[in-house]
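Visitor: got a sequence here, can you build the structure:
(chains A, B, C and D)
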Number of protein chains: 2
Amino acid sequence: MLDFKLRRAQLLAFQDFSESLAQLKIRPAEFSVLAMIAQHPGQKQTTIAEKLGIKRANFVFLMDGIESRGLAERRKEKNDRRSHSLHLTSEGERFVEQMTALWREHENRIVSRLGGRENLDRLIVLLDQLLGLDREDSDGKPARLAQS
Amino acid sequence: MLDFKLRRAQLLAFQDFSESLAQLKIRPAEFSVLAMIAQHPGQKQTTIAEKLGIKRANFVFLMDGIESRGLAERRKEKNDRRSHSLHLTSEGERFVEQMTALWREHENRIVSRLGGRENLDRLIVLLDQLLGLDREDSDGKPARLAQS
DNA sequence: TATTGTTATACTCTATAACTATA
DNA sequence: TATAGTTATAGAGTATAACAATA
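Guide: Predicted structure coming up:
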């Protein structure tokens, strides 16, 4: 029953994640958006959403919350005035630093559950294979993962 | 970003699962309940729910649907009249057979994505470690996984 | 015509509190 | 008092359709 183990594992990881980052009042989806903007600043909204496997319709509300907290902002693109490019604010950059530090504590707990960092690496390789991700793509790009 | 890979992998697996079992009009949660009842017939409702990591409050509606389709039934226990024991109906047993056959096709697709059955085994071992499951418990018992 | 961002909406899954009947 | 099942409700996450502005 791989499916249900994946689900339980995901819930466990997210629960630990949520507890780790509760003091910053940030949810997993918001974390992933901020991390993605930090990693690929200036990308347009739909591109960031697709990288995270979030429908662009659902991304709007998520981004509204992040923007109203002053952590990131939308900028109208000059070349294509339909699109918004996404950027961290300076406050957002400080926030991402704090967030990353707490996230490392969370990751250490996961590593200790798994019995060593080499097991985390193995797990990530297997998940990437399942997801059809190339290893060099493995920093968050979903590549060909079906969106619908 | 283990957390998000786990989530994407879980969504991918569930999507493939859902497509595989669409002809039976059954959802992952219903599948897991029927499989658990088939594996542990006569267990009481709350026990089955806990094994699956489903809150007993949410289990009620799920079980209502399964019961109204005639696939499984609640029976009042003689010794403790507060509790219900769960059993497949004979139609439910036939259903579980069909369901299991379709599920194997789904599993084969997952195995081929992973590049071999030995990789599936490795993945399951790692997930069990993350979940804190003993290997002999690995047929579905969530053991000490926090419920709240 | 097609795409970007958006709004509205609906469905599933998850969580908590409070009730009832039994123990 | 405590437990098993239930009801009601609320919050996330996810999905689709349709619209305005722009290409």
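
Visitor: the helix or strand where A:Asp64 lies close to chain B?
Guide: Per DSSP states H and E, A:Asp64 falls inside helix A:56-68. No - Helix A:56-68 is not in contact with chain B by Cβ under 8 Å from any Cβ of the partner chain; minimum separation 13.5 Å. From N, CA and C alone the C-beta is placed, and that goes for glycine too.

Visitor: now the element after that helix, going C-ward?
Guide: Helix A:56-68 is succeeded, C-terminally, by strand A:72-76 (DSSP H and E).

Visitor: who's in contact with that following strand?
Guide: For strand A:72-76, the surrounding residues in contact (Cβ atoms under 8 Å, 6 or more residues apart in numbering or on different chains) are A:33-34, A:37, A:45, A:63, A:66-67, A:84-89, A:92.

Visitor: let's see 10 Å
Guide: Residues from elsewhere that reach strand A:72-76 (Cβ atoms under 10 Å, 6 or more residues apart in numbering or on different chains): A:30, A:33-34, A:37-38, A:41-42, A:44-45, A:48, A:63-64, A:66-67, A:82-89, A:91-93, A:95-96.

Visitor: ok, A:Pro28 to B:Ala9 distance?
Guide: Distance, A:Pro28 to B:Ala9, using Cβ to Cβ, to the nearest Å: 15 Å.

Visitor: who has more neighbours out of those two?
Guide: B:Ala9 (28 against 17; other Cβ atoms under 10 Å in any protein chain shown).

Visitor: just to revisit the earlier point, and the helix holding A:Asp64, what does it pack onto?
Guide: Contact analysis of helix A:56-68 by 3 or more Cβ pairs under 10 Å, 6 or more residues apart in numbering or on different chains; DSSP states H and E lists helix A:28-39, helix A:45-51, strand A:72-76, strand A:84-88, helix A:90-114 as its packing neighbours.

Visitor: centre of the chain to the very next helix or strand once past the last one, how far?
Guide: Following helix A:90-114 in sequence order, the next helix or strand is helix A:117-131 (DSSP H and E). Relative to its chain's centre, helix A:117-131 lies at 17 Å (Cα atoms, centre = their mean, to the nearest Å).

Visitor: how far off helix B:90-114 does helix A:117-131 point, in degrees?
Guide: Here the directions of helix A:117-131 and helix B:90-114 differ by 110 degrees (axes from the mean of the first three to the mean of the last three Cα atoms, to 10 degrees).

Visitor: re the thing from before, among the contacts of strand A:72-76, the buried ones, what's the PyMOL command?
Guide: To isolate the buried ones among the contacts of strand A:72-76 in PyMOL, judged by 16 or more other Cβ atoms under 10 Å in any protein chain shown, type:
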select buried, chain A and resi 30+33+34+37+38+44+45+48+63+66+67+84+85+86+87+88+92+95+96
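
Visitor: filter the contacts of strand A:72-76 by proximity to DNA strand C?
Guide: A:44-45, A:63-64, A:82-84 (Cβ under 7 Å from any atom of the strand).

Visitor: which residues touch A:Arg104?
Guide: A:Ser20 are the contacts of A:Arg104 under Cβ under 10 Å, 6+ apart.

Visitor: flag the shaky bits of chain A, pLDDT-wise.
Guide: Residue ranges of chain A with pLDDT under 70: A:133-148.

Visitor: residues from it in reach of DNA strand C?
Guide: Residues of chain A lying near DNA strand C (Cβ under 7 Å from any atom of the strand): A:7, A:11, A:15, A:44-46, A:56-61, A:63-64, A:74, A:80, A:82-84.

Visitor: show me the contacts for the most centrally placed residue in chain A.
Guide: The residue lying closest to the centre of chain A (Cα atoms, centre = their mean) is A:Ser32, at 2.1 Å. Shown in contact with A:Ser32 (Cβ under 10 Å, 6+ apart): A:48, A:51-54, A:62, A:140, B:1, B:3-4, B:7.

Visitor: what helix or strand is A:Gln15 on?
Guide: helix A:2-20.

Visitor: before we move on, back to that, make TSV from the helices and strands packed on helix A:56-68 and add distance to B:Ile124 to it.
Guide: Converted to TSV, the helices and strands packed on helix A:56-68 look like this (distance: least, Cβ to Cβ, whole Å):
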stretch	distance to B:Ile124
helix A:28-39	24
helix A:45-51	28
strand A:72-76	38
strand A:84-88	38
helix A:90-114	13
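
Visitor: touching DNA strand D at all, the helix holding A:Asp64?
Guide: Yes - judged by Cβ under 7 Å from any atom of the strand, helix A:56-68 and DNA strand D are in contact via A:57-58, A:62.
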